[in-house]
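> Sharing a sequence plus its predicted fold:
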Amino acid sequence: MDSPTAKSRCPEQSTCAMRFLRRIFRSGARTPLIARKASTKLKVLIWGRGNGSRSLKNQQEIVEDLHAAVDKLNKHIDVVSLNDPTTQQLEQQLSLLWNTSILISPHGAGLALMPALSPGSSIIELYGKEYMSYRLYHNIASMLDMHHTWIECDAVKDDTSFFPKKYTFGTPTYRDSPMQCNSPDIILEVMKILRSK
């Protein structure tokens, strides 16, 4: 049985679990934690998915537009783009995330590393229409005291990654397609977040 003190520090088990994961991820990224405290720069990280499912077909365009937008702010902001995080060791991924202020990422398992972000970070999750009601990462973000928002993207239909699937209610739909996101929507959301920091 939990003591009253433990309950007041952590009212829900799921919140406790997320905070525990954060402590584990921090221990895996010990060196960058010191660098984070000394740095005054904000970092916007675009966390891609390579060329496979739910990849961001216009990632380079978004990066260029974001660079142009943040340059006009005259703030110390780095825009970093990683097309395929799986090319990095886990420790490098954790370090990169810990030093990130705003994470932009397609919906997917890579967002399970969200506890590695520092408290107060923001997540912009990019999703196709078929994932609109899937709130897993929104819930995780709220447990970790992070801001989370969604931006809907269009599926890019091509022969290599457009997989038809029928859901239980019988409506044919498509999943795991590469995505094309509206760059101005992403920039607008980033600017709203930066104004609040």
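It's in.
> Which stretches in the protein count as strands?
42-47, 77-82, 102-106, 122-127, 147-152, 154-155, 163-166, 172-175, 179-180 (DSSP state E).
> Neighbouring strands of the first one in the sheet, and parallel or not?
With DSSP bridges as the test, strand 42-47 is paired with strand 77-82 (parallel), strand 102-106 (parallel).
> Pull the contacting residues for T15.
T15 sits next to M143 when contact means C-beta atoms under 8 Å, 6 or more residues apart in numbering. C-beta here means a position set from N, CA and C on the backbone, and glycine is covered the same way.
> quick revisit: please identify the deepest-packed of the strands of the chain.
Ranked by mean neighbour count, the strands of the chain are led by strand 102-106 with a mean of 25 (mean count of other C-beta atoms under 10 Å).
> relative orientation of it and strand 122-127 in degrees?
On the basis of axes from the mean of the first three to the mean of the last three C-alpha atoms, to 10 degrees, strand 102-106 is oriented at 10 degrees to strand 122-127.
> what angle do strand 102-106 and strand 147-152 make?
40 degrees.
> Give me the contacts around strand 102-106.
Contacts for strand 102-106 (C-beta under 8 Å, 6+ apart): 42-49, 54-56, 62, 97, 111, 114, 117, 121-127, 153, 179, 186, 190, 193-194.
> quick revisit: same list, the strands of the chain, but as a markdown table with mean pLDDT please.
A markdown table is the format used below for the strands of the chain (pLDDT from 0 to 100):
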| stretch | mean pLDDT |
| --- | --- |
| strand 42-47 | 86 |
| strand 77-82 | 86 |
| strand 102-106 | 92 |
| strand 122-127 | 92 |
| strand 147-152 | 92 |
| strand 154-155 | 80 |
| strand 163-166 | 48 |
| strand 172-175 | 50 |
| strand 179-180 | 84 |
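> I'd like to know which of these lies nearest to H138.
strand 147-152 (4.8 Å; C-beta to C-beta).
> roughly how far out does the closest one sit from the chain middle?
9 Å (C-alpha atoms, centre = their mean, to the nearest Å).
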